[in-house]
Every structure is written in structure tokens, then in C-alpha cells.
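# Got a sequence here, can you build the structure:
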Amino acid sequence: MMPRSVHLVIPCFNEEKRLPFAELDELLRREPGLHLAFSDDGSSDGTAARCTDLAHAHPERVLVHVASKNGGKGEAVRQGMLAALQRWPDAYYIGYFDADLATPLTEAFHLLEAGAANEPVIIMGSRVQLLGSTDIKRSTARHYMGRVFATLVSMQLDVPVYDTQCGAKLIRADQVEALFNEAFLTRWLFDVELLWRCMAITGRERLGEAVKEVPLTVWHEMRGSKVKLSDGIKVPLALMRVARHYRGRVRI
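Residues are numbered from 1 along each chain as shown. From the prediction side, this is the model:
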């Protein structure tokens, strides 16, 4: 039986007014297997203080890591994952969920139960609408931009992938250091870099075994995204830069 325990990093930047701290406190009381690591990316508001208050209420299950300066979401996730591994070395999977909570944190248990049977290195939440079984609410523009992006990534990696950018992922704890020890090249394409790093470990032929995509049951698009649709024009060049950096590491 799969252990009902998950360890999640939540990258934060000026989220004092958006993070539902009272709801998080209630959730932690209701779910004894939930552990949270807030990775504050140099916020200028009271985010770190509010997270620290939550840590004082749940000292064994809440960690707060504060960066000395803003480094972008990828760096916040990277530092948070390493801090979580150091704090909870016996964790089975350590994941990260976006601070907007478009995906409820309880979905992490669903990802673990549905995806960890063969112990893949990465379990990726996938925002795919399945008739009668999922509640995925996403704007049409972002949906189609996501499909174009996924197609570009699939062509580059030469493996089929539906949704690289969903902010709900679990990483097998024994591979966290190998995947996150090196700083990422990009602020917002670090999810793609993770796949390249995983492929460098497993080889291209075994990437399909090492990565498991699991359809989320709930995902509601939230306002306030720090990534704009106009940023899409920068994606092809950024993907080329990522590919050039990692391609030489991959075993065919």
C-alpha cells in the first residue's frame, strides 16, 4: 500500500495576500501526512513572516526557506527542493505545487497513489480534460498555447509529452539532489530542463519509464499569473538554448 505522506515545496514571491494561510493551517491539521516547504524568492511583503507563523504552528511539518535575493521561480523551486530533502531525508517523494493553488494540495496524494506504482523518477500532473472524470478549467488561449509548447518540447526531446508546464509534480526523493543540484539556465522553462536532466540519467529510451504523467482531477486557472501570453514569442529560442546545453549529456 502506498504511504499516505507527501512533501511539497511551494515557491513564493509576494504571496502574502494570495496564499490562504487559514485554509493551509486547517489542511495541515486534517492531513497528518502533508509536509510543506515554503521557498520564499526574496519577497518584499510579509510572505516569509506569514509562512513562519504557520511553521511555528506545525514545527515538524512546515519548513520556510528564504532566498537572499529574487532568482525566479525555477531557482525558488530548486532551493526549496534541496532544503526539503535536507529537512526530511526519509521522504519518499518530494514535489512542488504552484502558490496560486490552481491544483489543491490534496491532489498530491492522487498523483502519488496513481503514479508511483513503478517508482518513476518524476510524476507529472497533466491538465487534460477527461469526460466525466476531471474538473479542468483553463482559458482557451492558454490551452492552445500549451498544446503548441508541448508539441515543440516533444519534438525536441523526441518523446511524447502532454503537459510539461503544469505546476504539480512529484520527484522521487533519492533523485532530488541529482536533478536539482545544478542551477537552471532559465527562470520559467526549468520543467523542461528537468526532463533533459532526467533523460541524461536514464537515457532517451528509458525516459518513458522514468517519467509518469497522471491526469489531475482538479485544476482551476487563477488570475495573477506572472507568465504572460506575450512571453510565448521568446519560447522557441529559449528551448533551443536549453537543448544545446543538455543534448551532449544524453545517452542515445
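
# Please count neighbours and contacts with C-alpha atoms only from this point.
OK.

# How are the strands of the stretch 151-252 of the chain distributed by residue range?
Here the stretch 151-252 of the chain has its strands, by DSSP state E, counting those that start in this stretch, at 168-172, 211-215, 218-220.

# Please work out which of those strands is packed deepest.
Stretch with highest mean neighbour count among those: strand 168-172 (a mean of 25; mean count of other C-alpha atoms under 10 Å).

# what does that strand rub up against?
Identification of contacts with strand 168-172 by C-alpha atoms under 8 Å, 6 or more residues apart in numbering yields 92-98, 103, 108, 111-112, 119-125.

# What of stretch 194-210?
120-122, 157, 159, 179, 246-247, 249-252.

# Compute the first-to-last residue distance for that stretch.
Terminal residues of stretch 194-210 are spaced 12 Å apart (C-alpha to C-alpha, to the nearest Å).

# What are the buried residues along that stretch?
194-204, 207-208, 210 (16 or more other C-alpha atoms under 10 Å).

# measure stretch 203-222 end to end?
Taking C-alpha to C-alpha, the first and last residues of stretch 203-222 lie 36 Å apart.

# Averaged pLDDT, it. What do you get?
Stretch 203-222 comes out with an average pLDDT of 89.

# And the spatially closest residue to residue 243 that is not a sequence neighbour, how far from residue 195?
Closest residue in space to residue 243, ignoring its immediate chain neighbours: residue 156 at 7.3 Å, by C-alpha to C-alpha, 6 or more residues apart in numbering. Using C-alpha to C-alpha, one gets 11 Å for the distance from residue 156 to residue 195.

# mind listing what's buried in stretch 31-50?
34-43, 47-48, 50.

# do the same with stretch 98-118
So, applying 16+ other C-alpha under 10 Å, buried residues of stretch 98-118: 98-105, 107-112, 115-116.

# which stretches of the stretch 101-250 of the chain form helices?
107-115, 140-157, 176-180, 190-202, 207-210, 235-246 (DSSP state H, counting those that start in this stretch).

# ok, the residue nearest to residue 243 touching residue 241?
No - judged on C-alpha atoms under 8 Å, residue 156 makes no contact with residue 241 at a distance of 11.4 Å.

# okay, those two: which has more neighbours?
Counted by other C-alpha atoms under 10 Å, residue 156 and residue 241 do not tie: residue 156 has more neighbours, with 16 against 13.

# can you tell me which residues contact the nearest residue to residue 28 once chain neighbours are set aside?
With sequence-adjacent residues excluded and distances taken as C-alpha to C-alpha, 6+ apart, residue 28 is closest to residue 34, at 6.3 Å. Residue 34 sits next to 5-8, 28, 61 when contact means C-alpha under 8 Å, 6+ apart.

# In PyMOL, select just the buried ones from the contacts of stretch 194-210.
The following PyMOL line selects those of the contacts of stretch 194-210 that are buried, judged by 16+ other C-alpha under 10 Å:
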select buried, resi 120+121+122+157+179+247
